[in-house]
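[1] here's a sequence, model it:
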Amino acid sequence: MKTIKPLLVILTSLSLMSCNTKVEPKSWSFDFTQDDSGFESVFADYHDDGHNFETFEMAYERAVISGTTNPGLRLKGHNRSDDLFMGIVKELSGFKASTTYTITLSFTLYTEAEAGSIGIGGSPADSVYVKAGFTNVLPEVSEDNGGLWVLNIDKGQQSQGSPGIPVVGTMAKPEGSEAGFVSKGFEVTLTLKTDSAGKLWLVIGTDSGYEGLTVYYLDDIAITANAK
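    Numbers count the residues shown, from 1 in each chain. Predicted coordinates:
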């Protein structure tokens, strides 16, 4: 009996240590009521137009969502390169380093593009693909040898996504929607691994095959992460 009691104490202690090292779920939510919450814009897959990129009409701001009284993040771009990507990115810190997480991301996009519509090169609704996910590499844009400004992360091309940033839908308004901008909800669950510093970057954007002007708003972004 004298040898059993110390063993029980040791086993109990190990059990408590195991419970104490459990990684708790993490969550974030952003509604942009006060500010832009530190989000930054990212535009890629465009070339020098000879006019300081003005013909692409690339713009990003926190603004009141058209038809509502709520603020959101407004993005605008004219796809003159037949492959314009535009979106937002934000660093999320506080994860455990080099750890695999299951992450659920949801957000609302406001669009005025009618499903089935026809435009230059493709539909302003069905040919503008919404992509969302995460990367453990800081997203940066630089000019390649062909004069194209490209992202350093894998986001796929147009209708094709990537494992970390998949296609989650299109810009098409839900069937039976009223005129003007309407809300459209998206959700995706992914399994990803953090970098050695415990960081991931959120990426939400659109990859366009429509060679015209696209405008949309993003709001109500929510993220929940659970370590595997």
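
[2] and stretch 195-202, which residues are buried?
    Across stretch 195-202, burial judged by 16 or more other CB atoms under 10 Å covers Asp195, Lys199, Leu200, Trp201, Leu202. C-beta: built from backbone N, CA, C; applies to glycine.

[3] could you find the closest non-adjacent residue to the first one?
    If you skip the residues right next to it in sequence, Asp195 has Asn136 as its closest partner in space, 4.3 Å away by CB to CB, 6 or more residues apart in numbering.

[4] that neighbour: neighbour count?
    18 (other CB atoms under 10 Å).

[5] figure out how far stretch 187-207 is from the centre of its chain.
    8 Å (CA atoms, centre = their mean, to the nearest Å).

[6] ignore the last one, stretch 202-222
    Centre to centre, stretch against its chain (CA atoms, centre = their mean), the figure for stretch 202-222 is 9 Å.

[7] can you get me the start-to-end distance on it?
    End-to-end span of stretch 202-222 (CA to CA, to the nearest Å): 11 Å.

[8] list the contacts of the residue nearest in space to the middle of the chain.
    The chain has Ile204 as the residue nearest its centroid, 2.2 Å off, counting by CA atoms, centre = their mean. Counting by CB atoms under 8 Å, 6 or more residues apart in numbering, Ile204 makes contact with Gly87, Ile88, Leu105, Phe107, Val130, Lys131, Ala132, Leu218, Ile221.

[9] which of the residues in the strand ranked longest in the chain are buried?
    The longest strand of the chain (DSSP state E) is strand 213-227. Buried positions in strand 213-227, judged by neighbour count with 16+ other CB under 10 Å: Thr214, Val215, Tyr216, Tyr217, Leu218, Asp219, Asp220, Ile221, Ile223, Thr224, Ala225.

[10] any low-confidence regions in this protein?
    1-23 (pLDDT under 70).

[11] now do the helices in it.
    Using DSSP state H, the helices of the chain run over 4-20.

[12] where do the strands sit along it?
    26-30, 40-44, 46-47, 59-64, 71-78, 85-92, 100-111, 128-135, 141-143, 148-151, 167-170, 182-193, 200-208, 213-227.
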